[in-house]
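Engineer: Give me a model of this one.
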Amino acid sequence: MNRARPSREDVSRALAGALAEQRLRIVASLIRTTHDWDLAEDVVADAAERALRRWPEDGVPSNPAAWLTTTARRRAVDLLRRADTERAKLAEVALMDDLASTEQPTPAGAVSDDRLRLVFTCCHPALPLEGRVALTCKVVAGLSTEAVARAFLVSEATMSQRLLRAKQKIAHAGIGYTVPTADMLPGRVDGVLAVVYLVFTTGWAARADDALAEEAIRLGRLLVELMPDADEPRGLLALMLLQHARRAARLVDGELVTLEHQDRSRWDVAGIEEARALAALPGGGRGPYRLQAELAAVHATAPDAAQTDWPAIVRLYDELLLLHPSPVVGLNRAIAVAMADGPHAGLAALDALAEDRALRGFHLLPAARGDLLARAGRTTEALTELREAARLAPTERERRQLERRRAELSG
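Structural biologist: Now for the predicted structure:
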């Protein structure tokens with residue numbers, strides 16, 4: 001123990017680092033032994049509060065993460081001793097065994113198992129999607145209920161109820177705190193990746209919320225660490241890194257800037273190179289996330305929009321449609337066709353999607369039509385489509401972006 005009194009800044013920095021390193025490990029192991037999600041989160045939060053009180057006086061421990069681990073476990077034992085139930089006694093014994101075995105954090109192998117169990121439990125397909133996302137943000141990522149509610153544009157009370165229902169579903173439906181068996185793993189991994197990507201797109205696409213997007217990237221890194229032999233987690237992480245690398249150029253003075261008009265000198269070169277290295281690693285096949293990462297990499301390495309390898313992008317979209325048929329993928333492919341072969345070819349591809357019910361009310365369909373009509377010189381029709389796109393836009397930023405495009409055409 002370092003007895004020199006550290007500054008508040010030193011304490012805060014040491015605590016933040018220790019929580020980043022160990023919070024998920026401690027929470028996951030406590031849920032495994034106690035089966036009590038709220039207790040696990042509460043004792044870790046209590047350990048952090050105690051650190052803020054004790055460390056300025058006692059000094060920062062030589063191993064802050066171990067101090068937090070031991071303090072949280074001991075607090076859990078103390079609370080369980082006050083609960084007069086058989087389950088509490090059994091959980092107390094399990095925790096006492098943990099404490100008796102070591103005062104250090106859990107060994108790496110067990111740590112990975114506990115964290116992976118927690119991730120798969122939070123993303124279990126028996127839970128509604130909103131519950132999976134809420135639990136992943138709250139329990140795995142460690143965001144506060146208030147922060148999760150703010151990110152998903154609901155009240156804190158609504159988010160609290162959402163979390164409560166998800167935890168009750170886990171308890172009452174007998175959802176196991178386990179890693180899926182080998183035959184179930186591929187499908188379950190896809191569900192986990194979908195939740196993490198939804199967290200990312202919620203932060204990145206609609207509201208340019210860097211904190212939420214970065215939390216999703218951190219979760220992506222965790223999945224790559226926990227499943228090193230799986231290819232799609234690497235693909236997802238590469239995709240998120242490539243998209244997030246454009247954040248400084250994508251939002252300028254509070255306004256969205258389209259990819260075509262972004263200042264590419266403001267893109268994060270280090271993030272792009274990390275993503276390209278991930279996407280280049282050999283895998284067990286080219287899944288949807290790897291293909292999307294390859295698509296993003298073509299954009300990221302082009303000097304400007306005009307020099308983008310659009311035929312390569314069309315080919316990648318063709319592959320993606322075979323793996324993951326989706327009208328949204330088809331819409332993006334149509335735009336790429338327009339850039340490769342001209343606006344009339346792109347409009348023909350869009351016309352083939354016009355009757356798809358999944359795209360009804362989706363603002364990007366009239367937005368794409370408006371842009372391609374403008375490129376084809378059909379300004380009056382373009383203005384009509386852009387007006388409809390602005391009406392359907394889900395956020396104020398996107399509406400303003402479309403209105404600016406209309407103003408440019410009108411002028």
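Engineer: okay, stretch 245-253 in CSV with CA atoms only?
Structural biologist: In CSV, the C-alpha atoms belonging to stretch 245-253 read as follows (Å, rounded to 0.1, in the frame of the first residue of the first chain):
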residue,chain,number,x,y,z
ALA,A,245,-13.2,7.0,-37.9
ARG,A,246,-15.4,9.4,-39.9
ARG,A,247,-17.0,11.0,-36.9
ALA,A,248,-15.0,14.3,-36.9
ALA,A,249,-15.9,15.0,-40.5
ARG,A,250,-19.5,13.6,-40.4
LEU,A,251,-20.8,16.2,-37.9
VAL,A,252,-19.5,19.8,-38.5
ASP,A,253,-20.9,22.7,-36.4
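Engineer: Flag every buried residue along it.
Structural biologist: Using 16 or more other C-beta atoms under 10 Å as the test for burial, stretch 245-253 gives Ala245, Arg246, Arg247, Ala249, Arg250, Leu251. The C-beta positions use only the backbone N, C-alpha and C, and glycine is treated the same way.
Engineer: Same check on stretch 171-179?
Structural biologist: Within stretch 171-179, the residues that count as buried by 16+ other C-beta under 10 Å are Ile175, Val179.
Engineer: How far does that stretch sit from its chain's centre?
Structural biologist: Centre-to-centre, stretch 171-179 and its host chain are 23 Å apart (C-alpha atoms, centre = their mean, to the nearest Å).
Engineer: circling back to that earlier point, so which of the buried residues of stretch 245-253 belong to strands?
Structural biologist: Using DSSP state E, the members of these that fall in strands are Leu251.
Engineer: Looking at the buried residues of stretch 245-253, which is nearest Pro186?
Structural biologist: Ala245 (28.8 Å; C-beta to C-beta).
Engineer: quick one: contacts for the closest one?
Structural biologist: The neighbours of Ala245, taking C-beta atoms under 8 Å, 6 or more residues apart in numbering as the test, are Trp267, Asp268, Val269, Gly271, Ile272, Ala275, Ala300.
Engineer: let's see it at 10 Å
Structural biologist: By C-beta atoms under 10 Å, 6 or more residues apart in numbering, the contact set of Ala245 is Arg266, Trp267, Asp268, Val269, Ala270, Gly271, Ile272, Glu273, Glu274, Ala275, Ala296, Ala300.
Engineer: Ser155 now?
Structural biologist: Taking C-beta under 10 Å, 6+ apart as the criterion, Ser155 is in contact with Glu146, Ala149, Gln161.
Engineer: With just CA atoms, put stretch 274-283 into PDB.
Structural biologist: Taking C-alpha atoms only, stretch 274-283 is exported to PDB below (Å, rounded to 0.1, in the frame of the first residue of the first chain):
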ATOM      1  CA  GLU A 274      -6.600  -1.000 -37.100                       C
ATOM      2  CA  ALA A 275      -9.900  -1.900 -38.900                       C
ATOM      3  CA  ARG A 276      -8.200  -2.900 -42.100                       C
ATOM      4  CA  ALA A 277      -5.800  -5.100 -40.200                       C
ATOM      5  CA  LEU A 278      -8.700  -6.800 -38.500                       C
ATOM      6  CA  ALA A 279     -10.600  -7.300 -41.800                       C
ATOM      7  CA  ALA A 280      -7.500  -8.700 -43.400                       C
ATOM      8  CA  LEU A 281      -7.100 -11.500 -40.800                       C
ATOM      9  CA  PRO A 282      -8.100 -14.900 -42.200                       C
ATOM     10  CA  GLY A 283     -11.400 -16.300 -41.000                       C
END
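Engineer: Now it: average pLDDT?
Structural biologist: For stretch 274-283, the mean pLDDT works out to 82.
Engineer: Equivalent analysis for stretch 212-224, please.
Structural biologist: Model confidence over stretch 212-224, given as mean pLDDT, is 88.
Engineer: can you pull out the helices in the stretch 301-411 of the chain?
Structural biologist: Ranges of helices within the stretch 301-411 of the chain are 310-323, 327-341, 343-351, 364-375, 379-392, 396-410, based on DSSP state H, counting those that start in this stretch.
Engineer: Quick check: which of the ones you listed is buried the most?
Structural biologist: Ranked by mean neighbour count under mean count of other C-beta atoms under 10 Å, the helices of the stretch 301-411 of the chain are led by helix 364-375, which reaches a mean of 22.
Engineer: ok, back up a step: could the helices of the stretch 301-411 of the chain be laid out in CSV, adding mean pLDDT?
Structural biologist: What follows is the helices of the stretch 301-411 of the chain, written out as CSV (pLDDT from 0 to 100):
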stretch, mean pLDDT
helix 310-323, 95
helix 327-341, 95
helix 343-351, 95
helix 364-375, 95
helix 379-392, 95
helix 396-410, 92
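Engineer: could I get the ones you listed as TSV with distance to Arg132?
Structural biologist: Below are these laid out as TSV (distance: least, C-beta to C-beta, whole Å):
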stretch	distance to Arg132
helix 310-323	23
helix 327-341	21
helix 343-351	33
helix 364-375	25
helix 379-392	27
helix 396-410	26
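Engineer: out of those, nearest to Pro180?
Structural biologist: Among the helices of the stretch 301-411 of the chain, the nearest to Pro180 by C-beta to C-beta is helix 310-323 (21.6 Å).
Engineer: picking up where we left off before, can you tell me which of the buried residues of stretch 245-253 lies nearest to Ala238?
Structural biologist: Among the buried residues of stretch 245-253, and counting by C-beta to C-beta, the member closest to Ala238 is Ala245, at 10.6 Å.
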